[in-house]
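1. need coordinates for the following:
(one chain, ligands or ions: 2)
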Amino acid sequence: MKVVVLLGAPGSGKGTVAALLVRREPSVCHVSSGDLLRAAVKRSDTPAARAAAEAMRRGELVADAVVGALVVERLRTCAPDGILLLDGYPRNEQQAAALERELARENSRVSAAVWLDVPEDVLLARLGGRRICSQCAAGYHVENMKPRVDGQCDACGGKLIQREDDQPERIANRLVVYREQTGALIGWYESRGLLVRVAGGEPSDAVADRVARTVVS
Ligand code: ADP
Ligand code: ZN
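-> Ligands and ions are numbered 1, 2, ... in the order given. Now for the predicted structure:
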């Protein structure tokens, strides 16, 4: 299995680009830690799930063990000869080390870490206008990626909502957490010779083209 990690701030377009790549290249197995967490929080009401929901509302990181277990369970469902695209995981050095150990058990390793580098003003505009489908979690934007019918998901007809963590003060907190914790991963992968920087401030199709060159090659 070829493993590619997508790195980037909240709003850098990891999920959008991943969805475009899956559409072009169906052998890509897209694993989004944020989607896994939102689904887990919706379906279970355990103390761990409640703590995760609270961390997500505040824009803080969910406990490494909780996210790690969800991601590992999910990546076992990906075809062993396909391409694994990790979106949102790892998010700190502990998670990167845990991923390395997990992949080593399968005689595999990360083959590239693609960093979507996006200017902060673009991040803020994207996050503030982001909407997601309350049913299938598909992503939209009030200006850049409008649904065909206002407030309604093109794919399933579900109602579009604003994520709680996309409120302005939560956004600011997520960017701080990103800079303090996830930012360090850029150097982590760079020192291993795996970092590929992609300018991510342009429309998603153009960014997806550039990412595709690393992921599918
Ligand atoms: P974004 O990248 O735009 O912040 P995500 O959907 O990837 O959005 O993540 C939403 C929230 O889920 C994060 O703010 C965090 O609370 C939690 N989360 C996602 N991935 C991880 C992770 N790898 N480790 C810890 N928490 C995570
Ligand atoms: Zn939908």
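2. can you name the residues of the protein that neighbour ligand 1?
-> Applying CB under 6 Å from any ligand atom, we find that the chain lies next to ligand 1 at 10-11, 33-34, 37, 55-56, 59-62, 67, 88-89, 91, 95, 165, 174. Where you see a C-beta, it was placed from the backbone N, CA and C, and this is true even at glycine.
3. mind running it again at 5 Å?
-> Pro10, Ser33, Gly34, Leu37, Met56, Leu61, Val62, Val67, Gly88, Tyr89, Arg91 (CB under 5 Å from any ligand atom).
4. pull out the buried residues from those residues.
-> Using 16 or more other CB atoms under 10 Å as the burial test, these include Pro10, Ser33, Gly34, Leu37, Met56, Leu61, Val62, Val67, Gly88, Tyr89, Arg91 as buried.
5. need the max-distance pair from these.
-> Farthest apart among those by CB to CB are Pro10 and Val67. That separation is 15.2 Å.
6. and the closest residue to Glu25 other than its chain neighbours, how many residues sit next to it?
-> For Glu25, ignoring the flanking residues on the chain, the nearest one in space by CB to CB, 6 or more residues apart in numbering is Val216 at 5.4 Å. By the criterion of other CB atoms under 10 Å, Val216 has 14 neighbours.
7. then Cys133?
-> 20.
8. what sits against it?
-> Gly139, Tyr140, Cys153, Ala155, Cys156, Gly158, Lys159, Leu160, Ile161 (CB atoms under 8 Å, 6 or more residues apart in numbering).
9. which one is it nearest to, not counting chain neighbours?
-> Cys153 (3.8 Å).
10. same question, Ser108
-> Met1 (5.5 Å).
11. my guess is that neighbour meets Gly82, correct?
-> Yes - the pair Met1 and Gly82 qualifies as a contact (CB atoms under 8 Å) at a distance of 6.3 Å.
12. ok, those two, which is more surrounded?
-> Using other CB under 10 Å as the criterion, Met1 and Gly82 rank with Met1 on top: 17 against 14.
13. how about the residue of the chain most remote from its centre, secondary structure?
-> For the chain, the largest distance from the centre (CA atoms, centre = their mean) belongs to Val149, which lies 25.9 Å off. Put simply, Val149 is coil when judged by DSSP: H, G, I helix; E, B strand; the rest coil.
14. do you know how far it is from Tyr140?
-> According to CB to CB, to the nearest Å, Val149 and Tyr140 sit 11 Å apart.
15. show the backbone phi and psi for Asp45.
-> With angles defined as degrees, to the nearest 10, Asp45 sits at phi -130, psi 50.
16. correction: the previous question concerned Ala79.
-> Here is the backbone geometry of Ala79 (degrees, to the nearest 10): phi -60, psi 130.
17. I'd say it and Ser27 touch.
-> Yes - Ala79 is within contact range of Ser27, at 7.0 Å (criterion: CB under 8 Å).
18. so Val215 makes contact with Leu21?
-> Yes - taking contacts as CB under 8 Å, Val215 lies within contact range of Leu21: 6.0 Å.
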